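> Build me a model from this:
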Amino acid sequence: MKVTTPRLTQNVLTGRDAGEPVLFVHGNVSSAAFWRDSMAALPEGYRPLAVDLRGFGETDPEPVDATRGLRDYSDDVLELIAELGLDGVHLVGWSLGGGVVLQALRDRPVAVRSVTLVNPISPYGFGGTEGADGRLTHPDGAGSGAGAANPDFVARLKAGDMSDESPTSPRSVFRSAYVKSAGVPDEDFYVRSMLTTRVGEAHYPGDGATSAAWPGVAPGKHGVLNAIAPTHFRLDELHEIDPKPPVLWIRGADDIIVSDTSLFDLAHLGALGVVPGSPGTPAQPMVAQTRAVLERYGPYREAVLQDCGHSPHLEHPEEFRRLLAGHLREA
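You can find the predicted model right below:
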């Protein structure tokens, strides 16, 4: 269904109309379609909804002001909750969506009954930081932002490439990074979802900026990758909110996207010699940063799925559903 708020018109996938609302928020270069099977398997007593974020799926492609961090996305979600009259929402966020739901929790904790994070981005953004406390490697956020995107992947995404002829095609990236092993059912369905991503300076990856520091790129002011740069998105004060709904953190042990040694982090690629000229900048410890923030927060539980990559809900659906259902009942 389409839901219009003062901000934009959002596309929302729905299931049964009754029960406690569970709102699923997808990750980068995807859409609400990635939650299809998780929604269908939600137990009785819960009302599943999944939203397309702006610039993805069938939601309006309103531009993303990256200087607000993830608040363009989280404010959209909070307005959707208000427009639908939802009370006590269970939020489930995957990857980028994990950051979106944490920002919504930070800004309006009274609206949230529980949070489930699925391989979420670090509370200190993506790239450009070091240490569990998320300190900036350089004041300008060098190493993060839209300049870190692979230009061939961006071009193939824009062209709607469904092939596997290149390691940088969306299908190849799905097989090599979204999941640990190929063979997820309905692969075409998920690749088509990836291809709904709006490409450009206002969306993915965003506008580029240069830096005098290695690796020569810094966050711009527009688009999704700049919105998750640590100069724009940080959740240092999450532990100060009240109330504090319970958080379940589910992650795949073999994730190569959100990791302490991420293959999408320019600093780690520099250490491996893939990006030349590295001065020894350490990799961003994304998992350690999330754990440090949640330990300060308080009521959380971490569940690690073995032999699993970035998408537990696709790779180990039965275990994911068991963990989610248990968390919802406890909340």
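
> All the strands of the stretch 51-200 of the chain, in order from the start?
89-94, 112-118, 129-130, 135-136, 199-200 (DSSP state E, counting those that start in this stretch).

> Which elements pack onto the last one?
Spelled out, it's strand 199-200. Contacts defined by 3 or more CB pairs under 8 Å, 6 or more residues apart in numbering; DSSP states H and E place strand 199-200 against helix 151-159. In this view, the C-beta of every residue, glycine as well, is placed from N, C-alpha and C.

> Residue 289: which of the strands of the stretch 51-200 of the chain is closest?
strand 129-130 (7.4 Å; CB to CB).

> Pick the most buried one from the strands of the stretch 51-200 of the chain.
The highest average neighbour count among the strands of the stretch 51-200 of the chain, using mean count of other CB atoms under 10 Å, belongs to strand 89-94 at a mean of 28.

> mean confidence for it?
Averaging pLDDT along strand 89-94 yields 99.

> Parallel or antiparallel, list what pairs with that strand.
If you go by DSSP bridges, strand 89-94 pairs up with strand 20-25 (parallel), strand 112-118 (parallel).

> quick revisit: make CSV out of the strands of the stretch 51-200 of the chain and add distance to residue 265.
As requested, those are exported to CSV (distance: least, CB to CB, whole Å):
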stretch, distance to residue 265
strand 89-94, 19
strand 112-118, 19
strand 129-130, 10
strand 135-136, 14
strand 199-200, 22
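
> Now mean pLDDT and distance to residue 61 too, for the strands paired with strand 89-94, in a markdown table please.
Formatted as a markdown table, those follow (pLDDT from 0 to 100; distance: least, CB to CB, whole Å):
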| stretch | mean pLDDT | distance to residue 61 |
| --- | --- | --- |
| strand 20-25 | 98 | 17 |
| strand 112-118 | 98 | 25 |
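
> Quick one, which of those strands gets closest to residue 201.
Of these, nearest to residue 201 by CB to CB is strand 20-25, at 23.4 Å.

> And the contacts of that closest one?
By CB atoms under 8 Å, 6 or more residues apart in numbering, the residues outside strand 20-25 that reach it are 32, 35, 38-39, 42, 45-51, 53, 77, 80-81, 84, 86-94, 97-98, 100-101, 113, 328.

> what's downstream of it, the next helix or strand?
helix 36-40 (DSSP states H and E).

> tell me how far that next one is from the chain's mean position?
For helix 36-40, the separation from the chain centroid amounts to 18 Å (computed by CA atoms, centre = their mean, to the nearest Å).

> And for stretch 323-331?
Remark: stretch 323-331 is offset 21 Å from the chain centroid, using CA atoms, centre = their mean.

> Check stretch 90-106 too.
8 Å.

> Contacts only, for residue 10.
2-4, 51-52, 54, 59-60, 76, 80.

> could you give the angle of the helix or strand containing it to strand 20-25?
Using DSSP H and E, residue 10 falls within strand 9-14. Angle of strand 9-14 versus strand 20-25, following axes from the mean of the first three to the mean of the last three CA atoms, to 10 degrees, is 120 degrees.

> Provide a complete list of residue ranges assigned to helices in the stretch 201-331 of the chain.
With DSSP state H, counting those that start in this stretch as the definition, the stretch 201-331 of the chain shows helices at residue ranges 224-227, 266-271, 286-297, 312-315, 317-330.

> and the ones you listed, which is most packed in?
helix 224-227 (a mean of 30).

> Who are the packing partners of that one?
Counting by 3+ CB pairs under 8 Å, 6+ apart, helix 224-227 packs on strand 204-205.

> Do you know the pLDDT at residue 182?
Reading off the model, residue 182 has pLDDT 84.

> you'd agree it is up against residue 175?
Yes. Residue 182 lies in contact with residue 175 (CB atoms under 8 Å); the separation is 4.5 Å.

> got a list of what residue 285 touches?
130-132, 260.

> taking the mean pLDDT, what do you get for the strand holding residue 10?
Here the average pLDDT along strand 9-14 is 98.

> got the end-to-end distance for stretch 287-306?
Terminal residues of stretch 287-306 lie 15 Å apart, using CA to CA, to the nearest Å.

> which residues sit against it?
Residues contacting stretch 287-306 (CB under 8 Å, 6+ apart): 117, 120, 122-124, 129, 132-134, 235, 238-239, 244-254, 258-260, 312, 315-316, 319-320, 323, 327.

> If we use 6 Å, what do you get?
Defining contact as CB atoms under 6 Å, 6 or more residues apart in numbering, one finds that stretch 287-306 is touched by 122-124, 132, 134, 238-239, 244, 246-253, 260, 312, 316, 323.
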